[in-house]
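Novice: Output the structure for:
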Amino acid sequence: MQNTHNEPIQATPNAEDIALVDPVVFDCQGALRSYRFLSGGHGDQAVGSHTVKKMAFSDNRCLPVRGRAEGGQDGNFVIEDQPIDWTFRPADLQGVNDAFAVFVSGNSMLPKYKNGDLVYVHPTHSLTKNRYVLVETTEHKGFIKQFISWQEDALIVQQFNPEQEIIIPREQVLRLMLVIGSLDC
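Specialist: Got it, this is the predicted structure:
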């Protein structure tokens, strides 16, 4: 067949290289992939009688979950050195060393994040105002908040429920990491 649109011709994978699976409903307990073989659709690649969409999650549970819920009104959790669980790695964290996920504890960020949601953390991505972040304190406690700014001697973040601006002294901040997305559990 001749390519009449002057588009590059791409090799198609062998059928043996592709595992056909049934669609799944996503939850934090066991999503296999976020995209499936579907018929039709914009930007899809035809493979035999199926259409392949880009996989947004890894095939196996290779992303460590490092947040353990802890009691308390402020919704803190402890950032663990060792994984407490494993989950599927989203495409934006493929190949990112030290990436991890944590479970949200509490409802201080409703409606954006609720208790039990799984959030994905990119440890080295740059931050911009109004993005969501995981703040790790020197005591290895974690907070999911909205980033406002760094001041000379403090970090300014926003909480939604109740709505308030929070100021954390710079010497108490161990790390500030970007939350790139979440899975509603």
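
Novice: Just to be sure, residue 171 is in a helix?
Specialist: Yes - using DSSP: H, G, I helix; E, B strand; the rest coil, the assignment for residue 171 is a helix.

Novice: For residue 154, see how far away it is.
Specialist: 9 Å (CB to CB, to the nearest Å). In this view, the C-beta of every residue, glycine as well, is placed from N, C-alpha and C.

Novice: more neighbours, those two?
Specialist: Between residue 171 and residue 154, counted using other CB atoms under 10 Å, the more crowded position is residue 154 (16 against 9).

Novice: Just the pLDDT for the more buried one.
Specialist: Residue 154 carries a pLDDT value of 97.

Novice: same question, residue 92
Specialist: Residue 92 is given a pLDDT of 90.

Novice: any idea how the chain splits into domains?
Specialist: 1-55, 58-183 (automatic domain parsing).

Novice: Which of those has the lowest mean pLDDT?
Specialist: Among the domains of the chain, domain 1-55 carries the lowest mean pLDDT, a mean of 41.

Novice: could you pull out the strands for the protein?
Specialist: 45-47, 50-52, 57-65, 67-69, 77-79, 85-90, 100-103, 118-122, 132-137, 141-150, 154-160, 163-169, 173-183 (DSSP state E).

Novice: Could you check the angle the third one makes with strand 173-183?
Specialist: Spelled out, that is strand 57-65. Angle between the axes of strand 57-65 and strand 173-183 is 150 degrees (criterion: axes from the mean of the first three to the mean of the last three CA atoms, to 10 degrees).

Novice: looking just at contacts, which helices and strands does strand 57-65 meet?
Specialist: strand 85-90, strand 100-103 (3 or more CB pairs under 8 Å, 6 or more residues apart in numbering; DSSP states H and E).

Novice: Of those strands, which is nearest residue 161?
Specialist: strand 100-103 (17.3 Å; CB to CB).

Novice: Would you agree residue 109 is in contact with residue 144?
Specialist: Yes - if you go by CB atoms under 8 Å, residue 109 and residue 144 touch, sitting 5.6 Å apart.

Novice: what do the two both touch?
Specialist: By the contact definition CB atoms under 8 Å, 6 or more residues apart in numbering, residue 109 and residue 144 are jointly contacted by residue 132.

Novice: So for these two, which residue has more residues nearby?
Specialist: Set residue 109 next to residue 144 and count neighbours by other CB under 10 Å: residue 144 wins out with 26 against 23.

Novice: doesn't residue 136 make contact with the more buried one?
Specialist: No - contact between residue 144 and residue 136 fails when scored by CB under 8 Å: they sit 10.9 Å apart.

Novice: Compare the helices and strands packed on strand 57-65 and report which one is nearest to residue 118.
Specialist: Closest among those, using CB to CB: strand 100-103, at 5.4 Å.

Novice: With just CA atoms, put that closest one into CSV.
Specialist: Taking Å, rounded to 0.1, in the frame of the first residue of the first chain, the C-alpha atoms of strand 100-103 are listed here in CSV:
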residue,chain,number,x,y,z
PHE,A,100,6.5,7.7,44.7
ALA,A,101,2.9,7.9,45.7
VAL,A,102,1.2,8.7,49.0
PHE,A,103,-2.4,8.4,50.4
